[in-house]
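Student: 3D, please:
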Amino acid sequence: MARYSRYRILRNASEYYAPLREGRDVKIIEHFETPTLSHPTVAQRTALKTTRHIWKYGDRLYKMANQYYGDVRFWWIIAWYNGAPTEASLKVGDAIEIPLNIEDALRVLGMA
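Tutor: Numbering: from 1, shown residues only. Just a heads-up that it's a prediction; the model follows:
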């Protein structure tokens, strides 16, 4: 399941993107509309089955996504759930929770 499969592709000819278009030698930039994520309630978060992981040297969000979901592209689910937008936000010894069921996590986010 692609992260943006439910979103429209927008064609943007805005002057704001003029330098980008010129650098790419194109007349229009195509991009996905910005998704709006839900902020789950405490009850919704509690209902998600998770496993605890202690962050250690060498850990990477994409590696955990591959391990738990079989797809490195879902690293952002783990980041979102833990309020850690990047790996730099995590320190060795931090306890993080990893939602075990990707479909449930996406549903709580309003993405499924």
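
Student: Quick one: end-to-end distance for stretch 33-43.
Tutor: 29 Å (Cα to Cα, to the nearest Å).

Student: Buried residues of that stretch, list them for me.
Tutor: Pro40 (16 or more other Cβ atoms under 10 Å). The C-beta positions use only the backbone N, C-alpha and C, and glycine is treated the same way.

Student: which other residues reach it?
Tutor: 4, 6-10, 80, 108-111 (Cβ atoms under 8 Å, 6 or more residues apart in numbering).

Student: Drop anything exposed from these.
Tutor: Buried by 16+ other Cβ under 10 Å: 80, 108-109, 111, out of the contacts of stretch 33-43.

Student: Next, the most centrally placed residue in the chain: secondary structure please.
Tutor: In the chain, the C-alpha nearest the mean C-alpha coordinate belongs to Trp76, at 2.8 Å (Cα atoms, centre = their mean). Classification of Trp76 by DSSP: H, G, I helix; E, B strand; the rest coil places it in helix.

Student: Ok, the one 4 residues further on next?
Tutor: When the structure is split into helix, strand and coil by three-state DSSP, Trp80 lands in helix.

Student: Tell me the one among the contacts of stretch 33-43 nearest to Trp55.
Tutor: Using Cβ to Cβ, Trp80 is the member of the contacts of stretch 33-43 that lies nearest Trp55, at 15.9 Å.

Student: What residues does the closest one make contact with?
Tutor: Counting by Cβ under 8 Å, 6+ apart, Trp80 has contacts 37, 109.

Student: now do Asp104
Tutor: Here Asp104 is in contact with 47-49 (Cβ under 8 Å, 6+ apart).

Student: how far out from the middle of the chain is the helix or strand where it lies?
Tutor: Using DSSP states H and E, Asp104 falls within helix 102-109. Distance of helix 102-109 from its chain centroid, counting by Cα atoms, centre = their mean, to the nearest Å, is 11 Å.
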